[in-house]
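[1] Kindly generate the corresponding structure for this input.
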Amino acid sequence: MTDLFSYLIISAVIFTIGAYGIITQRSGIKILMSIELMLNSANLNLVAFSSFNGNASGQVFALFSIAIAAAEAAIGFAILVALFRARDTINLDNINILRW
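    So this is what the prediction gives:
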């Protein structure tokens, strides 16, 4: 049986990879994938603490978080498809549609 510290270390590594991806990537799809990594690390923390404490409240919050992340991904991809149709690129540095 693994202890809580192992789950927290794995979650911190996944969160760090996601944060690095947001900072360094310029493609919209890669940024959305990095956000999903960060949300999954938070879900891992919720489930790990829930299992450690012996109640299911963290697992319920993780399920709600997964549902919200799925909606966020669907809306994000829809926005990227609309931007691709308008500008023929998903590179966020080249998109200036919200500027005057």
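[2] going forward, measure contacts and count neighbours with C-alpha atoms only.
    OK.
[3] Now do the buried residues in the helix of greatest length in the chain.
    When the chain is parsed with DSSP state H, its longest helix is helix 57-87. Neighbour counts using 16 or more other CA atoms under 10 Å place G58, Q59, A62, S65, I66, A69, A73, G76, L80, L83 of helix 57-87 among the buried residues.
[4] What's the separation between the residue most central in space within the chain and N94?
    Residue closest to the average C-alpha location in the chain (CA atoms, centre = their mean): E36, at 2.0 Å. E36 sits 23 Å away from N94, going by CA to CA, to the nearest Å.
[5] circling back to that earlier point, in JSON lines: the buried residues of helix 57-87, plus pLDDT and distance to S51.
    Shown next, in JSON lines, are the buried residues of helix 57-87 (pLDDT from 0 to 100; distance: CA to CA, whole Å):
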{"residue": "G58", "pLDDT": "90", "distance to S51": "8"}
{"residue": "Q59", "pLDDT": "92", "distance to S51": "8"}
{"residue": "A62", "pLDDT": "94", "distance to S51": "12"}
{"residue": "S65", "pLDDT": "93", "distance to S51": "17"}
{"residue": "I66", "pLDDT": "94", "distance to S51": "18"}
{"residue": "A69", "pLDDT": "92", "distance to S51": "22"}
{"residue": "A73", "pLDDT": "92", "distance to S51": "27"}
{"residue": "G76", "pLDDT": "90", "distance to S51": "32"}
{"residue": "L80", "pLDDT": "88", "distance to S51": "37"}
{"residue": "L83", "pLDDT": "85", "distance to S51": "42"}
